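In: Mind looking at a prediction? Sequence and model below.
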Amino acid sequence: MSRENSKNTYKLRDHPDFPNEINVQFRKELRPELICTTCNCITPAGLKDRKGHVFCRKCAGTLTDDTTDQFTCYTCDTSVPVSSLEQYHEPVCELKPVECSFKQLGCAFKAARREMGVHEGDTRGNRHSELLVRKICHLERENQVDLQQSANAEKELRADLEQQVLKLEKELQVKPGFVHIWKLQPYYALKNAAMTFSEEISSGTMYINTPGYHVEFTVGFGRNSIVSSPHLSFNCQICPGQYDHMLSWPFKNKIIVVLVNQLEEQAQRYFEMHAASAEHAVECLKRPESEQRNPKFGVSQIISVPLLENVKKGFLSQNCVVFKIIVPPI
């Protein structure tokens, strides 16, 4: 590594976090043992010879490549080629101090490699079995603590979720009742269209609360076999909605339908639709399945059509018929 022109600026080499050589400027002059003797670069992984000369790995490799010079091992005094010292001799040097392979279990014994084999083979004297049992017991205690902490966390989470569910249930119970004014206007145009196509006038789908059930109301023009004149019917249909998973099923709410008399309030007609008494109640009131609507339920005879259309009776005024729909809270 060559020194740059700027004072105390060096190239950094052999650093694992900086694979490419970079220039680093220091405020103070560095100690000689950090600087490669050959290239003058900083090396955190330097090699030192007997005379105290420090070499970076690159320079050390260059100086020892393809050399047949002999080097005497400091530990065992064995003479080996310099090029094979680090790669071949040091890993097998019998006198090189090594740490016990049970160090992670707590064994602090350190000795020459040939003595280490004796130490590790002495199962009575090295206490490795005791250390292993102690480590296993420690891990078991840690495992028990972790399991207990997990159980406590699960218990707290379950209790928290139960509280949230109770809170939501209470909120659902105290939701205000639903009131909707439905004006059929222009009445005759809607009636003619209904008679031509579906024989029904639809309110469109709506939610009776937030969160609440998703429903559609319809008024139909049909002829009962018992009576001679057609009658107006009123039906409700439960539709799939985004709050279905939050609601209680089956649907149990009472629905009050008021045919408003626009001339005399006391002449209004009231009808109560009790969901449980509906024909095929189980199918009508269950939670809707996969985008499919439930069968309709309701009142088959609200008022005869001729009576409704008699403007003197007050139910039809200015080509408008008014329904008031009330769904009280349970």
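Out: Received, thanks. Numbering: from 1, shown residues only.

In: Next one: the nearest residue to Glu279 once chain neighbours are set aside, what pLDDT does it get?
Out: Nearest residue to Glu279, sequence neighbours excluded (Cβ to Cβ, 6 or more residues apart in numbering): Phe297, at 6.8 Å. Any C-beta I mention is one placed from the backbone N, CA and C, and that applies to glycine too. In this model, Phe297 is scored at 92, pLDDT.

In: just checking, Phe297 touches Lys286?
Out: No: counting by Cβ atoms under 8 Å, Phe297 does not reach Lys286; the two are 11.9 Å apart.

In: And those two? Which one has more around it.
Out: Using other Cβ atoms under 10 Å, the more surrounded residue of Phe297 and Lys286 is Phe297, with 22 against 14.

In: quick one: that one and Leu259, what's the gap?
Out: From Phe297 over to Leu259 the distance is 18 Å, taken as Cβ to Cβ, to the nearest Å.

In: again, but for Ala281
Out: Taking Cβ to Cβ as the measure, Ala281 falls 24 Å from Leu259.

In: So between those two, which is more surrounded?
Out: Remark: of Ala281 and Leu259, Leu259 carries more neighbours, 20 against 16, as counted by other Cβ under 10 Å.

In: Was I right to think the more buried one contacts Ile302?
Out: Yes: counting by Cβ under 8 Å, Leu259 does reach Ile302; the two are 5.9 Å apart.

In: what touches both of the two?
Out: Listed contacts common to Leu259 and Ile302 are 269, 271; contacts here mean Cβ atoms under 8 Å, 6 or more residues apart in numbering.

In: And the pLDDT at Asn224?
Out: At Asn224, pLDDT is 57.

In: likewise Ser228?
Out: Ser228 is assigned a predicted lDDT (pLDDT) of 66.

In: which SS state does Gly204 fall under?
Out: Counting by DSSP: H, G, I helix; E, B strand; the rest coil, the backbone at Gly204 sits in strand.

In: Return the distance of it relative to Asn261.
Out: Note on Gly204: its distance to Asn261, by Cβ to Cβ, is 25 Å.

In: the more surrounded of the two?
Out: Set Gly204 next to Asn261 and count neighbours by other Cβ under 10 Å: Asn261 wins out with 16 against 8.

In: quick one, phi/psi of the more buried one?
Out: Dihedral angles of Asn261 (phi, psi; degrees, to the nearest 10) stand at phi -90, psi 120.

In: Am I right that it is in contact with Ile303?
Out: No: Asn261 is not in contact with Ile303 according to Cβ under 8 Å; the separation is 10.4 Å.

In: tell me, what's touching these two both at once?
Out: 269, 315.

In: What ranges does the stretch 1-150 of the chain have for its helices?
Out: Along the stretch 1-150 of the chain, counting by DSSP state H, counting those that start in this stretch, helices occupy 57-64, 82-84, 113-121, 128-173.

In: weakest of those helices by average pLDDT?
Out: Ranked by mean pLDDT, those bottom out at helix 82-84, with a mean of 66.

In: so who does Thr53 touch?
Out: Careful, residue 53 is His and not Thr. Taking Cβ under 8 Å, 6+ apart, we find His53 in contact with Thr37.

In: quick one on the thing from earlier: so who does the residue nearest to Glu279 touch?
Out: Per Cβ under 8 Å, 6+ apart, neighbours of Phe297: 235-237, 273, 275, 278-281, 284-285.

In: And for Pro32?
Out: By Cβ under 8 Å, 6+ apart, the contact list for Pro32 reads Val54.

In: Tell me the bridge partners for the residue nearest to Glu279.
Out: For Phe297, the beta-bridge partners under DSSP bridges are Cys236.

In: re the thing from before, please identify the most buried of the helices of the stretch 1-150 of the chain.
Out: Highest mean neighbour count of the helices of the stretch 1-150 of the chain: helix 57-64, a mean of 16 (counted as mean count of other Cβ atoms under 10 Å).

In: Please export the C-alpha coordinates of that helix as PDB.
Out: C-alpha atoms of helix 57-64 as PDB (Å, rounded to 0.1, in the frame of the first residue of the first chain):
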ATOM      1  CA  ARG A  57      -1.600 -10.600   3.200                       C
ATOM      2  CA  LYS A  58      -1.100  -9.600  -0.400                       C
ATOM      3  CA  CYS A  59       2.600  -8.800   0.200                       C
ATOM      4  CA  ALA A  60       3.100 -11.800   2.400                       C
ATOM      5  CA  GLY A  61       1.700 -14.000  -0.400                       C
ATOM      6  CA  THR A  62       3.900 -12.400  -3.000                       C
ATOM      7  CA  LEU A  63       7.000 -12.800  -0.900                       C
ATOM      8  CA  THR A  64       6.300 -16.500  -0.200                       C
END
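
In: Make sure Arg269 is actually in contact with Ile303.
Out: Yes: assessed by Cβ under 8 Å, Arg269 is found in contact with Ile303 at 6.4 Å.

In: More neighbours: these two, which one.
Out: Neighbours per residue (other Cβ under 10 Å) separate Arg269 from Ile303, with Ile303 holding more: 18 against 12.
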